[in-house]
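In: predicted model and sequence follow; I will ask about them next.
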Amino acid sequence: MTVTVEARRRRAAIASARGALRALTPGPAAVREEIRASWARSAATVAPDLDVAPMSDPDDVERVWRGSPLQHAVRVMGPQLEQTAVDGDLVVAVTDASARILWTSAGRVMRRRAESVGFAPGGRWDEASVGTNALDLALRTGTLSTVWSAEHFAHAVEGWVCWAAPVYDERTGRALGVVDLSTTWDRAHPLGPATVGALAQLVQHAASSAMSHDDDGGPARPVGSATGGATGQLLELRLLGAGEARLGGRRLQLTRRQLEVLALLALHPEGMSLPELHASLYGDAPVTTSTLKAEVSHVRAALGGALTSRPYRLALPVRTDVDAVLDAVAQGESTTAAERYGGELLAGTESPELRQHASYVTCAVREALLATPAPEAALRWARTCPWDAEVLEVALAAAPLGAPSRALLAARLAAADL
């Protein structure tokens, strides 16, 4: 989206006002009074050069999340919240009533930026911890709030724009938390406030409905939280193409990062230490171990506790589409492997180990198709890898003269060469 001249002027004016505040001069009147008042409060407890939010104890965050009606709301609203994050390359966050983040979903670019500043489950975004921000301001004022660019007190998020709306218990009026949308200032969209307001209303209704149902004696349990946990239930992971996790046949509402945690643990049935999991998931990215612990805690809660510590290990049977594809390759069934290959493993992942494993799986299927060419298998492969002319050429050469598949292979090959 093109950055308007007005947006640049606004950012410059706010930055000038921040400089005036630090110099103890009146400065320009470009800043709302509620922001100025928040700056003054923030200066007493927060260093302006703060680069990452403090993190709460992951076990405590897990306990709060599992007992919060917001978890049910996110389970209901998860696909819509996640689609909003991906479509707008935003971070969508849900907090408790103290502005502590309980759940997030993010587009690829904003996910990396959010994790680097502690804008992740467990991050404490109250004013006393990180200074002026929209999450705290929405809870403080009880209204939809926007904090734009340099209106943030902490330098780490001066380039962000955040829109937050409070969520209440519709029966009692008690604040449950906020729904927040965040992006960079140069990508801010004028529909941001309206979008977060609508999402907050939907989350509020879903949460309140869950509490009413609970009062009637029919609690809506989160997936995996039934008495006795999830031990013994089958965890099914679809990682090739569109990622998805199912426990006992029911789809788990996980963020992309949490699905990546599950994928890595499935690849390491022997378990992984915290440093090993951190390196495999984030590589050299500046993400704290506390952020990772919070993500693992959410995964553990979704699995009903079937995830051990020291090392982290899945304590339930697991089946993945990756195993099915590699088993078919090992048995020389190239057609079956091509049929089961749904696309690149978690395409777009930034996990160094998952990227490496994605290349391994793709190469394994491809080499099987080249070693034992079959027209049907090549045509199936072309649906997910239409650029791979070599597989089509080998299959076309091996196809019997007059076989109907030759025409299809030739057409696919011509399209691949365009």
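Out: Yep, that arrived.

In: residue 164 in helix, strand or coil?
Out: strand (DSSP: H, G, I helix; E, B strand; the rest coil).

In: number the residues from 17 up from this point.
Out: With the count now opening at 17, the last piece we talked about shows up as residue 180.

In: name whatever forms a beta bridge with it.
Out: Under DSSP bridges, the beta-bridge partners of residue 180 are residue 161, residue 196.

In: what about it, neighbour count?
Out: Using other Cβ atoms under 10 Å, residue 180 has 31 neighbouring residues. Heads up, the C-betas are built off the backbone N, CA and C, glycines and all.

In: check residue 65 too.
Out: By other Cβ under 10 Å, 8 other residues sit near residue 65.

In: before we move on, what about residue 387?
Out: 11.

In: I'd say it and residue 350 touch.
Out: Yes - if you go by Cβ atoms under 8 Å, residue 387 and residue 350 touch, sitting 7.5 Å apart.

In: could you tell me the per-residue confidence at residue 241?
Out: In the prediction, the pLDDT value recorded for residue 241 is 39.

In: try residue 84
Out: 90.

In: ok, it to residue 409 distance?
Out: Going from residue 84 to residue 409 by Cβ to Cβ, to the nearest Å gives 57 Å.

In: quick one: which of those two has more around it?
Out: For residue 84 and residue 409, the more surrounded residue by other Cβ under 10 Å is residue 84, and the numbers stand at 21 against 17.

In: contacts only, for the more buried one.
Out: Shown in contact with residue 84 (Cβ atoms under 8 Å, 6 or more residues apart in numbering): 112, 118, 192-193.

In: repeat that for residue 340.
Out: residue 356.

In: got a pLDDT number for it?
Out: 92.

In: quick one: the helices in the stretch 67-216 of the chain?
Out: Taking DSSP state H, counting those that start in this stretch, the helices of the stretch 67-216 of the chain run over residues 74-83, 85-104, 124-132, 143-146, 150-157, 208-231.

In: can you tell me which of the ones you listed comes nearest to residue 423?
Out: Smallest distance to residue 423 across those (Cβ to Cβ): 38.2 Å, for helix 85-104.

In: what helices or strands is the closest one leaning on?
Out: Here helix 85-104 touches strand 107-111, strand 117-122, strand 191-200, helix 208-231, going by 3 or more Cβ pairs under 8 Å, 6 or more residues apart in numbering; DSSP states H and E.

In: for these, give me CSV that also has distance to residue 146, mean neighbour count and mean pLDDT.
Out: Below are the helices and strands packed on helix 85-104 laid out as CSV (distance: least, Cβ to Cβ, whole Å; neighbours: other Cβ atoms under 10 Å; pLDDT from 0 to 100):
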stretch, distance to residue 146, mean neighbour count, mean pLDDT
strand 107-111, 12, 28, 96
strand 117-122, 11, 26, 94
strand 191-200, 13, 26, 95
helix 208-231, 19, 18, 83
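
In: so for residue 165, which of the ones you listed sits nearest?
Out: Among the helices and strands packed on helix 85-104, strand 191-200 comes nearest to residue 165, with 8.7 Å by Cβ to Cβ.

In: so what does that closest one touch, helix or strand wise?
Out: Applying 3+ Cβ pairs under 8 Å, 6+ apart, one finds that strand 191-200 contacts helix 85-104, strand 107-111, helix 124-132, helix 150-157, strand 176-184, helix 208-231.

In: tell me the helices and strands packed up against the second one.
Out: Identification of packing neighbours for strand 107-111 by 3+ Cβ pairs under 8 Å, 6+ apart yields helix 85-104, strand 117-122, helix 124-132, strand 191-200.

In: repeat the analysis, applying 6 Å as the threshold.
Out: Using 3 or more Cβ pairs under 6 Å, 6 or more residues apart in numbering; DSSP states H and E as the contact test, the elements touching strand 107-111 are helix 85-104, strand 117-122, strand 191-200.
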